[in-house]
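Enquirer: quick check, what structure comes out for this input:
(one chain, ligands or ions: 1)
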Amino acid sequence: MRALEEKILKEGKVLGDDVLKVGAFLNQRLDVRFLMEMADEVVRLFDGVAIDKVLTVEASGIAFAVCVAHKLNVPAVYAKKGGAANVSGDTYSAEIYSFTHKASNTVVVTKEYLERGERVLIVDDFLANGAALNGLIDIVGQADAYVAGCAIAIEKGFQRGGDKLRAAGYKVESLAIIDEMSSSDIKFRG
Ligand code: 5GP
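Expert: Numbering: from 1, shown residues only. I've put the predicted structure just below:
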C-alpha cells in the first residue's frame, strides 16, 4: 500500500538495526482515518474469503484490528497478556516471545469468545519473526476454529516470519513489507 509506505518514510523512525517506531500514527497517536483506509485495503485483499471474527494480541495490534473488524462487520477479540496459567480451564493460552521486549508472555483468550468452526482473521500491527502470529494460530487451533488468513500492517521481511507462514500455507497479507532498513533508508519489497 503506497500511502502506508509513504507514511512510514515520513513519520517512522528506525531504532537500532531492526525496530521501526510508528507511534506517530499506528501505535500511540492513532491516525484513525488512515487506519480505516488501511482496513479498507485489508477488506480488498481478503475479498471472497469468509471471515467470522478478527483476533489480535494486546496492546499494539488492537487499534488496527478494531478498524479491520469494523470494516468487515465482525467482532474483534484480543488475546490478553500476562494471563495466569490455565488453572480454571476457561481460557486458551499460548506463550509468545516478544521481539520488542525480549521476554516471553503468556497470552490468553476466554474460551467462550472463540467458537468451534469459526473462520478467524488474525490481525497485527507488525510481523517480524512470527512469534505473535504463531501463538495466535495456536490459540485458534485450540478452539477448533480455522485461520482464514493473517492481515498485517507492517511486515519486516528481513526477519522471515512472514515467508515461513506463507510457506506453511497461510494467506498472509501485509500492507507494507520492509526488506531493508537503517536509520537513513527504508527499502520496501517491490
Ligand atoms: P514477531 O512476533 O513477529 O517477532 O513480532 C511481532 C510483534 O512484535 C508485534 O505484535 C509487534 O507489536 C512487535 N514488533 C515487532 N517488531 C516491531 C517493530 O519494529 N516495531 C514495533 N513498534 N513493534 C514491533
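Enquirer: sticking with the most centrally placed residue in the chain, tell me its helix or strand.
Expert: The chain has residue 124 as the residue nearest its centroid, 1.3 Å off, counting by CA atoms, centre = their mean. Per DSSP states H and E, residue 124 falls inside strand 119-127.
Enquirer: thinking again about what came up before, quick check: the closest residue in space to the residue nearest to the centre of the chain that isn't next to it in sequence vs residue 132, distance?
Expert: Computed as CB to CB, 6 or more residues apart in numbering, the closest residue to residue 124 that is not its neighbour in sequence is residue 61, at 4.3 Å. The way it works is simple: take the backbone N, C-alpha and C, and place the C-beta from them, glycine included. For residue 61, the distance to residue 132 equals 8 Å [CB to CB, to the nearest Å].
Enquirer: so what sits against both of the two?
Expert: Counting by CB atoms under 8 Å, 6 or more residues apart in numbering, the shared contacts of residue 61 and residue 132 are residue 124.
Enquirer: now do stretch 67-81, average pLDDT.
Expert: If you average the pLDDT over stretch 67-81, you get 98.
Enquirer: what's the span of it, first residue to last?
Expert: End-to-end distance of stretch 67-81 (CA to CA, to the nearest Å): 21 Å.
Enquirer: one step back: ok, how many other residues are close to the residue nearest to residue 124?
Expert: Applying other CB atoms under 10 Å, we find 27 residues neighbouring residue 61.
Enquirer: cool, the one 3 residues further on as well?
Expert: Burial measure for residue 64: 29 neighbouring residues, criterion other CB under 10 Å.
Enquirer: and the pLDDT at it?
Expert: Looking at residue 64, its pLDDT reads 98.
Enquirer: so it touches residue 153, yeah?
Expert: Yes. Judged on CB atoms under 8 Å, residue 64 makes contact with residue 153 at a distance of 5.3 Å.
Enquirer: which neighbours do the two have in common?
Expert: Common contacts of residue 64 and residue 153 (CB under 8 Å, 6+ apart): 26, 38, 124-125.
Enquirer: which of those has the largest number of neighbours?
Expert: In terms of neighbours by other CB under 10 Å, the shared contacts of residue 64 and residue 153 top out with residue 26 at 27 neighbours.
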